[in-house]
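Asks: Okay, sequence plus prediction incoming.
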Amino acid sequence: MIIRTHYSNQLSPEMSGEAVTIAGWVHETRDLGGIYFIVLRDREGFIQVTMPKKKVSAELLEMARGISRESVVAVEGDIKSEDRAPGKFEIIPSKIILLSMAEVPLPLDTTGKVGAELDTRIDSRFMDVRRTETAAVFRTRSNVLRAVRNFFHENGFVEINTSKIVATATEGGTELFPITYFDREAFLNQSPQLYKQMMMASGLDRAYEIAPIFRAEEHDTRRHLNEVTSIDVEVSFVEEHNDVMEILERLINYVYREIAGTPELKALSIELPIPELPFRRITYDEVISMLQDDPNVGDIEWGSDLDTACEKELGKMVGEHYFIIDWPTDSKPFYAMPHEDKPELSKSFDLMHPRMELASGAQRIHDYALLRERIEAKGLNPDSFDFYLKAFRYGMPPHAGWGLGAERLLMTMLNLGNIREAVLFPRDRRRLSP
Ligand code: ATP
Ligand code: MG
């Protein structure tokens with residue numbers, strides 16, 4: 001049987017006189033001599049449990065006084081309207097059941113009165129999520145991922161799950177975590193790229209996957225993790241990269257609209273402006289000229305990726321979500337489709353938030369011979385891509401897609417200072433636990 005009859009938000013002063021059972025954590029206690037208070041916290045809020053000496057038994061009062069903060073209790077009692085209490089009601093208990101006593105002292109303050117460093121909070125993440133703001137962040141994460149899934153299903157996508165244990169590096173990079181797979185070397189996958197592309201040869205047409213990707217990158221920044229939740233999409237029978245850019249910008253707009261006005265956002269005191277459609281498209285060449293005389297960025301070599309300083313300056317100039325399109329072919333992975341009339345440029349894009357990159361995508365090469373050629377041109381061995389190339393030999397439709405980092409999406413929506421605030425158990429250079 002479920003221990004509680006009601007959550008805090010299901011109770012009201014109008015229910016005065018009703019007997020209920022509530023359950024949660026002892027958030028705070030107050031002893032005024034003649035009257036003892038427990039503020040109980042459950043998932044939805046706070047409830048004042050009031051014990052006037054004259055109305056409750058001496059045993060109950062003594063027992064309540066012995067319960068430490070953050071212990072887990074169930075309280076049976078009657079609702080009484082009380083203007084001075086949170087929610088304008090209180091519970092006069094007839095019984096308190098101690099379900100789990102918390103040790104003293106606590107590793108973290110849950111009332112918000114004492115601040116804590118992010119590292120300390122992550123060390124005791126279970127406790128950190130008891131704080132209203134942290135809970136609101138992770139419930140928003142849940143809301144965001146639900147909105148993303150709803151969007152995909154409303155738009156005819158099929159959810160797929162591909163293996164995270166692979167034999168070949170997706171892009172031939174060195175940024176992989178090797179693992180031992182029985183007697184062979186294998187890797188944790190850095191992206192579902194090759195797998196979602198292979199599924200375009202399966203006839204699913206529109207596929208998405210929300211799953212971890214692993215990057216053995218050594219950077220130590222506020223926007224990089226070594227394990228990321230990637231929202232990946234691949235779409236068949238599209239003519240150019242713009243077709244999947246539209247899906248991406250519509251998704252961002254949809255998620256913002258779904259999240260604006262949620263109680264979690266109110267708890268975080270965030271006003272969420274809805275990014276307007278369509279997002280601006282700026283070509284790589286235009287970006288170079290926009291940044292040419294900018295004293296805050298160094299010389300940009302044509303063909304190179306844009307560094308943090310460039311992203312920051314552009315973000316200031318544009319001030320809202322935007323796309324950088326038509327990247328130099330050599331700056332993108334081998335599967336990016338070159339423009340027919342200008343092969344040094346590719347049909348590729350990055351989705352940018354003023355603070356950072358959110359997603360990368362492209363029209364993909366679906367021609368077997370050209371793909372092989374591009375793999376070789378990147379100095380990779382096509383033989384190790386046999387399993388992938390095979391899918392291009394028996395009928396592969398033209399396709400395009402993108403990958404969007406879930407943590408960066410949440411981080412930019414909620415204006416979090418550090419990406420580690422957007423993931424329960426971050427994995428970075430230093431952290432492997434909890
Ligand atoms: P950056 O240049 O910002 O390091 P990237 O271009 O290497 O990112 P992609 O390989 O294009 O990243 O991955 C697609 C998306 O996945 C990124 O736009 C980002 O949202 C997310 N992502 C990739 N790597 C990381 C990471 N290490 N930490 C957090 N998010 C990441
Ligand atoms: Mg990228």
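Replies: Arrived safely. Ligands and ions are numbered 1, 2, ... in the order given.
Asks: near ligand 1, which residues of this protein?
Replies: 215, 217, 224-225, 228, 230, 357-360, 403-405, 407-408, 419 (C-beta under 6 Å from any ligand atom). Any C-beta I mention is one placed from the backbone N, CA and C, and that applies to glycine too.
Asks: How about the residue in the chain that sits furthest from its center?
Replies: Computed with C-alpha atoms, centre = their mean, the residue of the chain farthest from its C-alpha average is K54, at 50.6 Å.
Asks: Contact partners for it?
Replies: If you count contacts by C-beta atoms under 8 Å, 6 or more residues apart in numbering, K54 has them with G34.
Asks: what about it, which SS state?
Replies: Put simply, K54 is coil when judged by DSSP: H, G, I helix; E, B strand; the rest coil.
Asks: Dihedrals phi and psi, it?
Replies: Dihedral pair for K54: phi -80, psi -20, per degrees, to the nearest 10.
Asks: any idea how far ligand 1 is from it?
Replies: With distances taken as C-beta to the nearest ligand atom, to the nearest Å, K54 is found 59 Å from ligand 1.
Asks: same deal with E421?
Replies: Distance of E421 to ligand 1, given as C-beta to the nearest ligand atom: 13 Å.
Asks: Kindly indicate whether that residue is helix, strand or coil.
Replies: Following three-state DSSP, the label given to E421 is helix.
Asks: quick revisit: so how do I select the buried members of the residues of the chain next to ligand 1 in PyMOL?
Replies: Buried residues within those, by 16 or more other C-beta atoms under 10 Å, are selected in PyMOL with:
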select buried, resi 215+217+224+225+228+230+357+358+359+360+403+404+405+407+408+419
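Asks: pLDDT check: weakest of the residues of the chain next to ligand 1?
Replies: The lowest pLDDT within these belongs to E217, with 91.
Asks: and the residue of the stretch 301-434 of the chain nearest ligand 1?
Replies: For the stretch 301-434 of the chain, the nearest residue to ligand 1 under the criterion C-beta to the nearest ligand atom is G405, separated by 2.5 Å.
Asks: Which residues are in contact with that residue?
Replies: In this structure, G405 makes contact with 228-231, 358-359, judged by C-beta under 8 Å, 6+ apart.
Asks: Check the gap between it and F182 for me.
Replies: 32 Å (C-beta to C-beta, to the nearest Å).
Asks: TSV for the contacts of G405, including secondary structure?
Replies: Formatted as TSV, the contacts of G405 follow (three-state DSSP):
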residue	secondary structure
V228	strand
T229	strand
S230	strand
I231	strand
L358	strand
A359	strand
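Asks: Distance to D83 for those residues - can I get that in TSV?
Replies: Output for these, formatted as TSV (distance: C-beta to C-beta, whole Å):
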residue	distance to D83
V228	49
T229	45
S230	50
I231	47
L358	47
A359	51
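Asks: contacting residues for G298?
Replies: The contact partners of G298, by C-beta under 8 Å, 6+ apart, come to A309.
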